[in-house]
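Undergrad: sequence first, then the predicted structure, then my questions.
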Amino acid sequence: MDVGGRAHGPLASDAKLEHESLTATPGDAPSATSKSMDALVIQGGRPLSGRVAVSGAKNSALPVMAATLLASGQHVLRNVPSLADTRTMARVLGQLGARIEFSDHVCRIDTTDVSSFEAPYDLVRTMRASIYVLGPLLARFGAARVSLPGGCAWGPRPVNLHFEGLDAMGARLEIEHGYIVGKDVRLRGAHVRHETVSVGATAQLMMAATLAEGTTVIEGAAIEPDITVLGEVLVRCGARIEGLGSRIITVHGVKSLSPIDTTIIPDRIEAATFLAAAAITGGSVTVDQCDPEHLRASIETLERAGCDVHAGEREVRISGPVRPAALSVTTEPYPGFPTDMQAQIMALCTIADGESVITDTIYLDRFTHVPELARLGAEIRLDHNVATVLGVDRLSGAPVMATDIRASAALVLAALVAEGETRISRIYHLDRGYEALDQKLVDLGASVRRVKE
Ligand code: EPU
């Protein structure tokens with residue numbers, strides 16, 4: 001079974017099928033024959049109850065998978081979520097010549113024979129995080145040809161910070177025919193300052209700097225757990241990195257790294273999405289195998305909405321209120337409230353008692369869920385990046401369309417509480433970022449069916 005170039009194992013079992021679903025640009029409908037055309041049919045009105053286990057974090061797994069390019073040999077990544085996006089990253093690595101086996105959430109990546117340096121448009125356009133291979137390729141091989149990702153369903157999402165940072169490290173990158181191209185590159189340390197905190201650019205430059213000549217300083221670095229953990233993984237492989245978890249990260253380049261052997265951290269956004277699902281249905285749920293420390297902002301927000309929340313060492317118990325209180329929420333870089341939970345918290349606010357105000361300062365256009373929530377009866381006024389949500393007494397089921405990963409999750413949440421049936425189409429977006437969300441919700445007592453469209 002083949003995934004791209006050299007991938008093997010169960011990961012590849014539905015490679016052809018998945019490939020169809022993954023080559024759609026955001027918002028486009030892929031081939032009608034593919035699994036990607038599945039829809040979810042949800043009967044609302046059942047409070048969730050029980051225990052749910054969180055999968056490995058997509059946004060941690062993706063850069064760690066890319067980081068395997070930094071060292072030759074056999075890497076082992078455990079607790080890798082089985083998602084369209086992790087399969088896409090596997091395909092990108094396979095395309096470069098890595099051998100990949102993916103079975104039971106263990107991903108083995110052999111980078112001994114990497115011999116191509118090209119990440120093609122067809123893969124990169126389906127998942128922007130493919131660009132993570134750029135820094136590692138330049139650092140280890142001095143060459144890369146990586147497609148520019150292009151726009152996204154909810155805005156331009158530039159990669160200038162990746163580009164400028166690598167250029168400051170001597171990469172002399174060019175744009176050729178839609179590709180970022182680096183040739184005969186010898187990276188050297190540089191002082192890079194980010195005015196905007198960027199998760200991706202911090203990961204990109206940190207990975208590149210591990211094998212660069214001299215010292216790199218990244219000022220204005222991201223401190224999301226995904227970044228800190230990536231740094232810790234690299235340190236265990238021999239990288240010299242200081243300041244992880246702070247806004248200034250210093251990387252002293254080393255000659256080589258040893259292969260990665262690690263376990264991917266729990267997905268804080270998936271965990272928070274389940275907490276919000278319990279909250280919106282007035283249910284009682286224990287979210288298991290998570291890291292409550294990473295969920296602070298979401299927990300605090302749900303408490304303000306009237307939820308009763310108890311955090312243990314590896315689990316969070318939540319009981320939702322009869323009716324949530326209205327909220328004022330502003331997204332910020334970690335440890336602030338995550339933009340990846342903005343849509344889901346908006347779903348909660350649609351039935352809150354009073355007027356909520358939700359501001360996204362990270363992605364000013366990330367509001368494609370607003371008109372779909374309105375189809376369920378939500379009353380939302382959007383003014384630039386500020387949504388004012390007037391809580392209604394009830395939502396009512398309707399056909400709606402998923403537009404991106406988190407917007408889809410918001411529609412699922414709203415559907416769980418809406419009266420009657422909601423049909424959510426284009427759920428291939430959901431499958432990019434949530435492992436078996438439909439089954440996990442069924443296990444919590446929801447009425448959710450996956451159907452072919
Ligand atoms: N930005 C720039 N220039 C750049 C890079 C970013 O101006 O070169 C800006 C962005 O436009 C945005 C801000 O910086 O306003 C933050 O973007 P960031 O680079 O942090 O986003 P990202 O690395 O592309 C990751 C997650 C996203 C998540 C954001 C913000 C991954 C694979 N993706 O994206 O996750 O929303 O950080 O936390 O880690 C998702 O999982 O659904 C998702 C979209």
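TA: All right, it came through fine.
Undergrad: can you give me the neighbour number for P156?
TA: As a burial measure, P156 scores 10 neighbours (other Cβ atoms under 10 Å). Bear in mind the C-beta positions are built from the backbone N, C-alpha and C, glycine included.
Undergrad: typo on my end, it should be I249
TA: Count around I249 with other Cβ under 10 Å applied: 26.
Undergrad: please apply the same query to G354.
TA: Close neighbours of G354, defined as other Cβ under 10 Å, add up to 13.
Undergrad: cool, the one 5 residues further on as well?
TA: By other Cβ under 10 Å, the residues close to T359 number 18.
Undergrad: neighbouring strands for the helix or strand encompassing it, and are they parallel or not?
TA: Element membership for T359, per DSSP states H and E: strand 355-360. The pairing partners recorded for strand 355-360 under DSSP bridges are strand 328-331 (parallel), strand 386-390 (antiparallel).
Undergrad: show me what counts as buried in that strand.
TA: Residues of strand 355-360 classed as buried under the neighbour-count rule (16 or more other Cβ atoms under 10 Å) are S356, I358, T359, D360.
Undergrad: roughly how far apart are the second one and A410?
TA: If you measure I358 against A410 using Cβ to Cβ, to the nearest Å, the figure is 11 Å.
Undergrad: shared neighbours of those two, which are they?
TA: Residues touching both I358 and A410 by Cβ atoms under 8 Å, 6 or more residues apart in numbering: M346.
Undergrad: just checking, L69 touches D110?
TA: No: in this structure L69 lies outside contact range of D110 using Cβ atoms under 8 Å: 11.5 Å.
Undergrad: shared neighbours of these two, which are they?
TA: A98.
Undergrad: pick out whichever of these two has more residues nearby.
TA: A count of neighbours by other Cβ under 10 Å puts L69 above the other of L69 and D110, at 29 against 20.
Undergrad: for the more buried one, helix, strand, or coil?
TA: Put simply, L69 is helix when judged by DSSP: H, G, I helix; E, B strand; the rest coil.
Undergrad: returning to that earlier point: any idea which of the buried residues of strand 355-360 is closest to the ligand?
TA: Within those, the smallest distance to the ligand is 9.3 Å, found for D360 (Cβ to the nearest ligand atom).
Undergrad: list the beta-bridge partners for that closest one.
TA: Beta-bridge pairing of D360 under DSSP bridges involves T331.
Undergrad: quick one: contacts for it?
TA: Counting by Cβ under 8 Å, 6+ apart, D360 has contacts T330, T331, T339, Q342, R366, F367, N385.
Undergrad: now do the contacts for the second one.
TA: Spelled out, that is T331. Under the criterion of Cβ under 8 Å, 6+ apart, the neighbours of T331 are F337, P338, T339, M341, Q342, T359, D360, T361, I362.
Undergrad: change it to 10 Å
TA: Listed by Cβ atoms under 10 Å, 6 or more residues apart in numbering, the contact set of T331 reads 297, 337-342, 345, 358-363, 366, 385.
Undergrad: now intersect the contacts of D360 with the helices, please.
TA: Q342 (DSSP state H).
Undergrad: of the contacts of D360, grab the buried ones for ChimeraX.
TA: To isolate the buried ones among the contacts of D360 in ChimeraX, judged by 16+ other Cβ under 10 Å, type:
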select :331,339,342,366,367,385
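Undergrad: for stretch 371-383, buried residues please.
TA: The neighbour-count check on stretch 371-383 (16+ other Cβ under 10 Å) flags E372, L373, R375, L376, G377, A378, I380 as buried.
Undergrad: closest to the ligand among those residues?
TA: For the buried residues of stretch 371-383, the closest approach to the ligand (Cβ to the nearest ligand atom) belongs to E372, at 16.3 Å.
Undergrad: wait, that closest one sits on A398?
TA: Yes: with contact defined as Cβ atoms under 10 Å, E372 counts as touching A398 (9.0 Å).
Undergrad: could you dump the strands paired with strand 355-360 to a markdown table with distance to N160 and mean pLDDT?
TA: Converted to a markdown table, those look like this (distance: least, Cβ to Cβ, whole Å; pLDDT from 0 to 100):
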| stretch | distance to N160 | mean pLDDT |
| --- | --- | --- |
| strand 328-331 | 21 | 98 |
| strand 386-390 | 25 | 98 |
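Undergrad: now these as JSON lines including distance to the ligand?
TA: As requested, those are exported to JSON lines (distance: least, Cβ to the nearest ligand atom, whole Å):
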{"stretch": "strand 328-331", "distance to the ligand": "8"}
{"stretch": "strand 386-390", "distance to the ligand": "16"}
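Undergrad: any chance of the ones you listed in CSV with distance to I218 as columns?
TA: Output for the strands paired with strand 355-360, formatted as CSV (distance: least, Cβ to Cβ, whole Å):
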stretch, distance to I218
strand 328-331, 22
strand 386-390, 31
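Undergrad: which of those sits closest to I131?
TA: Checking these against I131 by Cβ to Cβ gives strand 328-331 as the closest, at 22.3 Å.
Undergrad: below-threshold pLDDT in the stretch 151-300 of the chain: ranges please.
TA: Within the stretch 151-300 of the chain, the stretches with pLDDT under 70 are 151, 154.
Undergrad: and the residue of it that's closest to the ligand?
TA: Closest point on the stretch 151-300 of the chain to the ligand, by Cβ to the nearest ligand atom, is G200, at 2.7 Å.
Undergrad: check contacts around the nearest residue to that residue once chain neighbours are set aside.
TA: Using Cβ to Cβ, 6 or more residues apart in numbering and skipping the chain neighbours, the partner closest in space to G200 is H162 (6.5 Å). For H162, the contact set (Cβ under 10 Å, 6+ apart) comprises 131-132, 134-135, 146, 173, 180, 198, 200-205, 208.
Undergrad: who touches I218 in this structure?
TA: Counting by Cβ under 10 Å, 6+ apart, I218 has contacts 165, 190-194, 198, 201-202, 204-206, 209, 227, 241, 243, 247-251.
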